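>>> Build the 3D model from these lines:
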Amino acid sequence: MNDGVKKKIPVHVGLIMDGNRRWARERNLPQLEGHRRGYAKMKEATDWFFLRGVKVLSVYAFSTENWSRAKEEVSYLMALLEQGIKELSEDFKKKDYRVLFSGRLDELPGELPSLCEEAMEKTKTNLSGTFNICFNYGGRPELIDAVKKIIKHQLTEEQIHEGIIRKYLYNGQLPDPDIIVRTAGEQRLSNFLLWQSAYSELLFFKKYWPDFEEMDVINILDEYNKRGRRFGQ
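All right, here's what the predicted structure looks like:
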């Protein structure tokens, strides 16, 4: 029954897509297959969120800590993300989605830095949703990089405030995430959007990321709608 109360839809959702490797291990599949399934699920999830009114979706695709994984796994992830960026930029052009990247892109191997730049340029005027891919990203490195930029621009002590710090984040123009969702049962942020998550709602799912489905998006939006956000008031 419709009681006339308008449903609150989060403007910005953050996703920590965890559990690809465990999903594969429990099915006696190669770990790399878990990543492939996880990538396919990420592509589906963009539509599920954007078509329900979410404006910004930030995903934790590869962290600055992930370089310590096995060389074969890292190489596969780089190749998968390279393929994915090419596919997404074409797909998003048709769907009117914009793609952004947050992270130390200049440290990425091969053509990846230029591919990221090209994808952002190609989709920059699209308006139906913003997909922010956190790639070679860490919340602490982001803050370190922001401080370095502030020093480089020789700002004075009096000029430093929250707005200035936000300006020097990777994509400081984006609104803070209203809710951050993590799959696979872990209950921590793991260096994801540390500055931006100060007042984010947190929601944790036990299921692994490759098992994520459209009904979970509905459940996320329903749960967010129940929460009262007071921002310290």
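
>>> Just name whatever secondary elements the helix or strand where Asp47 lies is in contact with.
Here Asp47, judged by DSSP states H and E, is contained in helix 31-50. Applying 3 or more Cβ pairs under 8 Å, 6 or more residues apart in numbering; DSSP states H and E, one finds that helix 31-50 contacts helix 20-26, strand 56-63, helix 71-95, helix 214-226. Quick note: C-beta positions are derived from backbone N, CA and C, even for glycine.

>>> Give me whichever of the ones you listed is most buried.
Per residue and on average, the most neighbours among the helices and strands packed on helix 31-50 fall to strand 56-63, with a mean of 23 (mean count of other Cβ atoms under 10 Å).

>>> hmm, who's touching that strand?
11-17, 42, 45-46, 49-50, 77, 81, 102-103, 129-138, 174-175, 177, 190-193 (Cβ atoms under 8 Å, 6 or more residues apart in numbering).

>>> Gly139 is in contact with Leu193, correct?
Yes: contact criterion Cβ atoms under 8 Å: Leu193 and Gly139 qualify, at 5.9 Å.

>>> so how many other residues sit close to Leu203?
17 (other Cβ atoms under 10 Å).

>>> before we move on, the earlier item: just the buried residues of the contacts of strand 56-63.
Among the contacts of strand 56-63, those scoring as buried are 12-17, 42, 45-46, 49-50, 77, 81, 102-103, 129-138, 174, 177, 191-193 (criterion: 16 or more other Cβ atoms under 10 Å).

>>> in the chain, which helix or strand is least confident?
None of the helices or strands of the chain scores lower by mean pLDDT, DSSP states H and E than helix 71-95, at a mean of 93.
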